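# sharing a sequence plus its predicted fold:
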Amino acid sequence: MAAKNIFSDVLDRVRAANDALIQGGQLPPGIDQSRVVVEPPRDPTHGDMATNAAMVLAKDAGQKPRDLAEAIATKLRGEGVIAKVDVAGPGFINLTLRPAAWAEELRAVLRAGENYGRSDIGRGEAVNVEYVSANPTGPMHVGHCRGAVFGDALANLLAVSGFKVTREYYINDAGTQVDALARSAFLRYREALGENIGAIPEGLYPGDYLKPVGEALAKEHGPSLKQMPESGWLPIARAKAIDMMMAMIRNDLAALNVKHDVFFSERSLTEGSGDAVGRTIDWLRQQGHVYEGRLPPPKGAPVEDWEDREQTLFRATAFGDDVDRPLKKSDGGYTYFASDIAYHKTKLDRGFRNMIDVWGADHGGYVKRMQAAVKAISGNQAADLDVKIVQLVKLLRAGEPVKMSKRAGDFVTLREVVDEVGRDAVRFMMLYRKNDATLDFDLAKVIEQSRDNPVFYVQYAHARGQSIFRNAMEVLPDLPATDRGRAAVLAQAPLERLDNAAELALIRRVALYPRAIEAAALAHEPHRVAFYLYELASEFHAFWTRGNDTPHLRFIIRNDPQMTLARLALVQGIVTVLSSGLAVLGVEAPQEMR
């Protein structure tokens, strides 16, 4: 359920002012108001809010923006919640609200509780978020961890913004890498039967994590697999290895509190119900998007899939790519790209016009061709594919690079990091930087109890708020212990007494939360929520510190229970938003910190 907020309320008032001008003949009937927004001004000294209404409507109205702004401002000056309206520059309208408006917004936070910040901007639109999709060839590493957290938080963000979200994992269980996995598992099977297998050959997977797979194969089949040719044992070893690797991956994801609704098998595209890849290529050929031809030699940097031969090509250049792309390899098998096109067509066939793929840093060059393919397979259905590239994670301990894992062989596993520093630290810090920027993750820093550790600082703000409530029981023994019960009582407090500049600034910060959520959802950028929470926590901690030096600003005033109730209402608003935002990020909001 979406809850109203002060920005949407003022936007309604701006639109009502525009409607009044339409009725008065100063604006044309049916003028498009969809681009009209209300947002905080860049310079806080200009007021509480600003609207671009005159700037975006002036052209259609055939008026100068400044003149139209004056007309809109005149209408807005009659609104009771607005104390001051100024027209600035070429036609921006700056608004200053009465303090009572902020008191009412805090009351709205308390009444909405966990629904504050939710919206219906998604209007129930189905969106598919595909993330992680790691090859099932071993445990997940730190790089997978960042994509997993990003995708999961983005899915949470879209869900609270009114989208109908499906979380998907694409299992790359076809191709040469899983055959190499099967051969590696078969070596471990022979080892489990007592053979000395020596060094793992180049091109196979050396990690000890495959020993349990070999032991399981030995237990199930005894020495019988050794009597078979490779064509006999390979599919058996492959199926067992993939099954056990996916179980390991699911356990690792669960430790990180990452969830998926769908696990889609790449192998299913060419097995079971038939050749979906071939059918997709045939369909594209019928549309004129596939042809037989030769690719010209690449200019400058080499193209990894260029071959000087007649081949089956997708006309990617017709949809914005730099070069047409091969769909079949020289041995007649399908390219990875062909399988990916067929996979995305299944998403379209399942009703997804809005798709988000979260990919690793090494896939940046693949984006344009995949977006071209989605344009082609969607025809006139206007499907959209947004690819979010998640950059590398540099794992450090006290500034020094972390050594590789003995168990995995050549990387540090996700599980090792989660076990060392905890799920909350991993999730928050993976989101405390924009996804396309390289991230330094210092295992020592993320467990520090200091302002320099953002996850501690935000969680401590929530715990500090709960501590204030526990201390308040001495002055207000009847105050309910739960957030919901307490909020209901505090919503009746005399909030008009919160007239100190720092108090009003905190309420304004709380009131920004719905806009922060909405903007982050539309931009597909969950890091904005992490940044917002840190800023709110910083202001809250600063106010608490100010109360130590200035007794009348303390949250608990023993000889003034009404002021105490009002201040506690402010704290309740803060912890409500902190809890909500942390939930979007998949991070716990602790009651206390030890």
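Structure received.

# which non-adjacent residue is nearest residue 521?
residue 161 (3.8 Å; Cβ to Cβ, 6 or more residues apart in numbering). Where you see a C-beta, it was placed from the backbone N, CA and C, and this is true even at glycine.

# didn't that neighbour look like it was pressed against residue 124?
No: at 11.0 Å, residue 161 does not count as touching residue 124 under the criterion of Cβ atoms under 8 Å.

# between these two, which has more neighbouring residues?
Taking other Cβ atoms under 10 Å, residue 161 and residue 124 do not tie; residue 161 has more neighbours (25 against 8).

# so how far is residue 533 from the more buried one?
Separation of residue 161 from residue 533 (Cβ to Cβ, to the nearest Å) stands at 17 Å.

# what's the answer for residue 389, then?
Remark: distance between residue 389 and residue 533 (Cβ to Cβ) = 24 Å.

# correct me, but residue 486 touches residue 469?
Yes: Residue 486 is within contact range of residue 469, at 6.6 Å (criterion: Cβ under 8 Å).

# in the protein, where is pLDDT below threshold?
Residue ranges of the chain with pLDDT under 70: 1-4, 272-273, 300-306, 380, 404-410.

# can you map out the helices along the stretch 451-594 of the chain?
Secondary structure of the stretch 451-594 of the chain, counting by DSSP state H, counting those that start in this stretch: helices at 454-472, 483-490, 501-511, 513-523, 527-549, 561-585.

# the ones you listed: which one's closest to residue 330?
Nearest of the helices of the stretch 451-594 of the chain to residue 330, taken as Cβ to Cβ: helix 513-523 at 42.2 Å.

# and residue 532, how many neighbours does it have?
21.

# residues in contact with the closest residue in space to it that isn't next to it in sequence?
Using Cβ to Cβ, 6+ apart and skipping the chain neighbours, the partner closest in space to residue 532 is residue 516 (4.3 Å). Residue 516 is in contact with 528, 529, 532, 581, counting by Cβ atoms under 8 Å, 6 or more residues apart in numbering.

# just the helices of the stretch 451-594 of the chain: most buried one?
Mean neighbours per residue, mean count of other Cβ atoms under 10 Å, is largest over the helices of the stretch 451-594 of the chain for helix 561-585, with a mean of 23.

# distance of residue 316 from residue 298?
In this view, residue 316 and residue 298 are 14 Å apart by Cβ to Cβ.

# same question for residue 441.
Note on residue 441: its distance to residue 298, by Cβ to Cβ, is 36 Å.

# residue 544 now?
61 Å.

# now do residue 385
Per Cβ to Cβ, residue 385 is found 25 Å from residue 298.

# looking at those two, which is more packed in?
residue 385 (22 against 13).

# what strand or helix carries that one?
strand 384-390 (DSSP states H and E).

# which other helices and strands contact that strand?
Counting contacts by 3 or more Cβ pairs under 8 Å, 6 or more residues apart in numbering; DSSP states H and E, strand 384-390 packs against helix 142-160, strand 354-360, helix 367-378.

# I'd assumed residue 326 was in contact with residue 337.
Yes: between residue 337 and residue 326 there is a contact under Cβ under 8 Å: 7.3 Å.

# quick one, which of these two is more surrounded?
Each of residue 337 and residue 326 has its neighbours counted (other Cβ under 10 Å); residue 326 has more, 21 against 18.
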